[in-house]
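Undergrad: Attaching a predicted model along with its sequence, questions to come.
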Amino acid sequence: MSNTKELVITRTFNAPRELVFKAFSEAERMAKWWAPPGMAIEVVRFEFKPGGMFLYCSKNEQFEMWGRFVYKDILSPERIVFINSFSDKDGSIAKSPFHPVWPLEVHNTLTLTEADGKTTMELRGGPINATAEEQKVFEENTGNMQQGFKGVLDQLEAYLESAE
């Protein structure tokens, strides 16, 4: 990663680490919560292994958005490292539908730690292979990303309450 300011999101869930890890590592579970609120998700490909890809489409009646993770490193149940990008339906990297100068690739490290039956998730991410302008846009939008992730993680929290 470059010296760009990272996006850092921390959230504690009232669930064991193994369950939270499963929510990120199994297609059926991701399909229950990984989409912006008000959107449905279709999991097109899910290869949870280093070099594997998670390809998905989030959609509602007016809009459809494709995205992908390419997994770099997985240490069960504590860490997942992946590159996140917007994509087309075939999984090729695509420009952001929200901002014309968005970085094409964002390197993310998700870490899970458990204490007293609760799991703290920390997500750290930042652009890679980005222009100075793309890095600046990423930094200027960390607040929007925090807000967007809050909605998604609220859905994860609700899912975890009833998951086994």
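TA: Perfect, thanks for sending it.
Undergrad: centre of the chain versus stretch 51-58, how much separation?
TA: 10 Å (Cα atoms, centre = their mean, to the nearest Å).
Undergrad: Run through this protein and note the low-pLDDT ranges.
TA: Residue ranges of the chain with pLDDT under 70: 1-4.
Undergrad: Contacts for the longest helix along it next, please.
TA: In the chain, ranked by residue count with DSSP state H as the criterion, the top helix is helix 142-162. By Cβ atoms under 8 Å, 6 or more residues apart in numbering, the surrounding residues in contact with helix 142-162 are 5, 7, 9, 11, 13-15, 19-20, 23, 29, 32-37, 121, 123. (C-beta placed from N, C-alpha, C; glycine too.)
Undergrad: Stretch 97-110 too?
TA: 1, 24, 63, 65, 69, 72, 79-86, 93, 95-96, 121-131, 133-135, 137-138, 141.
Undergrad: which residue packs closest to N14, ignoring adjacent ones?
TA: K118 (5.6 Å; Cβ to Cβ, 6 or more residues apart in numbering).
Undergrad: Check whether that neighbour really touches L19, as I assumed.
TA: No. With contact defined as Cβ atoms under 8 Å, K118 does not count as touching L19 (11.1 Å).
Undergrad: Please compare these two by neighbour count and tell me which comes out ahead.
TA: Each of K118 and L19 has its neighbours counted (other Cβ atoms under 10 Å); L19 has more, 17 against 14.
Undergrad: Surely that one is within a strand?
TA: No. Secondary structure of L19 (DSSP: H, G, I helix; E, B strand; the rest coil): helix, not part of a strand.
Undergrad: Now do the same contact list for it.
TA: Contacts of L19 by Cβ under 8 Å, 6+ apart are T119, L160, A163, E164.
Undergrad: repeat for F86
TA: So F86 contacts M65, W66, G67, R68, I93, A94, K95, S96, P97, W102, L104 (Cβ under 8 Å, 6+ apart).
Undergrad: Perfect, I'm done here.
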